[in-house]
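Engineer: Any chance you can model this:
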Amino acid sequence: MKSLRSVVFAAALLAVTPIGLAAETSVQPAPDKELQTMLDQYAEAAELFYNGKPEAVKALWSHSDDVTLSGAAGGTTAKGWRNVSSRLDWASSEFKGTTGTRTIEQIQTTVSGDFAYIVRYEHIRYHRPGQQEPARRDYRATIIFRRGPEGWRVVHRHADTLMTRQDVR
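Structural biologist: Next comes the predicted model:
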């Protein structure tokens, strides 16, 4: 019965949710000043991350056992700081020795108490090591933050490359 209620709720939500609206091309300020500071730091750290330097991004994550990362390269979801940290190191190393740029299309920023999430598109342009031609990655990303004693920290990130709708079969 609980499952049926969840399906009915989801269907009702979809019925009133606008689908297909273009994402905003500018980043919306977060409704929480401390969270906005975190998002600004995350943007700066991501520039380093996509140039093979993961340390600044890793510093913005909670280092607890309940963090999770579902990376855009696929595979299993990393759980716990040790696994997430290793996955971040690996992902950033895929861009090591390259120079790149990143643009963001912010879709949603929501804060509720000590939790917040953002939904956005990330467009990454970079050079693969040893390649002359520029490469491109476009991600849909959701990032969840939790406020704790050390301030806002990332506790989950999910990104994928499914930027175009695919038929369900």
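
Engineer: Show me the shaky parts of the protein.
Structural biologist: 1-30, 96-100, 129 (pLDDT under 70).

Engineer: ok, longest strand in it?
Structural biologist: Determined from DSSP state E, the single longest strand within the chain is strand 134-148.

Engineer: Of all the residues in the very next helix or strand once past that one, which ones are buried?
Structural biologist: With elements assigned by DSSP states H and E, the helix or strand that comes after strand 134-148 is strand 151-160. By neighbour count on 16 or more other C-beta atoms under 10 Å, the buried set for strand 151-160 is W152, R153, V154, V155, H156, R157, H158, A159. Heads up, the C-betas are built off the backbone N, CA and C, glycines and all.

Engineer: Among the residues you listed, which one lies nearest to A45?
Structural biologist: A45 lies nearest to V154 out of these, by C-beta to C-beta, at 10.1 Å.

Engineer: Quick check: the gap between the residue nearest to that closest one when sequence neighbours are not counted and P149.
Structural biologist: Computed as C-beta to C-beta, 6 or more residues apart in numbering, the closest residue to V154 that is not its neighbour in sequence is W61, at 4.6 Å. To P149, W61 is 15 Å away according to C-beta to C-beta, to the nearest Å.

Engineer: For the two, indicate the residue with more neighbours.
Structural biologist: Legend: neighbour count by other C-beta atoms under 10 Å for W61 and P149, higher for W61 (20 against 5).

Engineer: Isn't the more buried one up against H156?
Structural biologist: No - using C-beta atoms under 8 Å, W61 is not in contact with H156, being 9.6 Å away.

Engineer: If you count neighbours, what's buried in the lengthiest helix in the chain?
Structural biologist: The longest helix of the chain (DSSP state H) is helix 33-49. Neighbour counts over helix 33-49 (16+ other C-beta under 10 Å) mark L35, Q36, M38, L39, Q41, Y42, A45, A46, F49 as buried.

Engineer: In contact with D32, which residues?
Structural biologist: V111, A116 (C-beta atoms under 8 Å, 6 or more residues apart in numbering).

Engineer: Can you tell me, leaving aside adjacent residues, what's nearest to L162?
Structural biologist: Leaving aside its sequence neighbours, L162 sits nearest to R140 (C-beta to C-beta, 6+ apart; 6.4 Å).
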